[in-house]
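Enquirer: I need the structure of the sequence given here:
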Amino acid sequence: MSRLHPRRLVTGRLVPAVLAVCLSIYGCQPPAAVDGTKVSDFAAFSTAAVPPQNATLKVAGVRIDTVMKTRRDDGRIILDLVSNSEVIDHETYHEDNGGLSLEYAAGETFSPVIPLVRLPMRVGETWKWNGVLKNDGGDQPATAEIRTEAAKIDTGGDLNHGLEVVVLLDLKQPNGSENVRRKLHFWLVEGHGVVRRSFGDESQREPAGGIR
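Expert: Here you go, the predicted structure:
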């Protein structure tokens, strides 16, 4: 189960550090009520400059210790999950002034890419997507609703204020059968990018021992 709890930021020793990040994201407004707050600068959510991180990959319940390394390739941000000097999985995002979009993760490609963060936006906004999910089973038409909300995120030892994005993905079935719904979760922390993601029980990636 997720341990994310949207909350108001409490005053105390965390305020100065969080406020410094907030100034670049929320237009000098403190994140006391980030739901509904306008986000116009994606720089602090960027994944491009994140150093290698220890990460745990869970595939069908099996835990694998990895190191997540970030690289750029033709305008994409690729998160390589490395174990025993081999890349065993990766995630591909598109990141620019328009926001952050998902292209590939857990063996699945989304065409067109699914926008996870749109700029400018207000936290709490929702939007729609219509496209195709591609995997080893072939191409499957799909639609999605993308939801955003402020969240307090467990990053493997620390709690960080950030953004939770939920993709409610509906896979269209043949012969008029009822659509199959899946939930894709992404958690972003200022200065660290996509720190966690979950495709249900099939595939999850989370930080191990905190983030840096």
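Enquirer: what is the residue minimising distance to the centre of the chain paired to in the beta sheet?
Expert: The residue lying closest to the centre of the chain (CA atoms, centre = their mean) is residue 186, at 3.0 Å. Per DSSP bridges, the residues bridged to residue 186 are residue 165, residue 197.
Enquirer: that one contacts residue 197, correct?
Expert: Yes - counting by CB atoms under 8 Å, residue 186 does reach residue 197; the two are 4.9 Å apart. Placement of C-beta: from N, CA and C, glycine included.
Enquirer: just to revisit the earlier point, ok, the residue nearest to the centre of the chain to residue 169 distance?
Expert: Taking CB to CB, to the nearest Å as the measure, residue 186 falls 12 Å from residue 169.
Enquirer: who's in contact with the residue lying farthest from the centre of the chain?
Expert: Within the chain, residue 175 marks the point farthest from the mean C-alpha position, 33.3 Å out by CA atoms, centre = their mean. Under the criterion of CB atoms under 8 Å, 6 or more residues apart in numbering, residue 175 has no contact partners.
Enquirer: helix, strand, or coil at it?
Expert: When classified by DSSP: H, G, I helix; E, B strand; the rest coil, residue 175 comes out as helix.
Enquirer: list phi and psi for residue 191.
Expert: Listed backbone geometry of residue 191 is phi 90, psi 0, with angles given as degrees, to the nearest 10.
Enquirer: any idea where the strands of this protein begin and end?
Expert: Counting by DSSP state E, the chain has strands at residues 38-39, 53-59, 62-73, 76-83, 86-96, 99-105, 108-118, 121-122, 126-135, 138-154, 159-171, 180-189, 193-198, 203-207.
Enquirer: can you tell which of those is closest to residue 47?
Expert: Relative to residue 47, the nearest member of the strands of the chain by CB to CB is strand 193-198, separated by 2.8 Å.
Enquirer: comparing the strands of the chain, which stretch has the densest surroundings?
Expert: Mean neighbour counts were taken over those using mean count of other CB atoms under 10 Å, and the top value, a mean of 24, falls to strand 193-198.
Enquirer: can you name every helix or strand that that one contacts?
Expert: Using 3 or more CB pairs under 8 Å, 6 or more residues apart in numbering; DSSP states H and E as the contact criterion, the secondary-structure elements in contact with strand 193-198 are strand 86-96, strand 180-189, strand 203-207.
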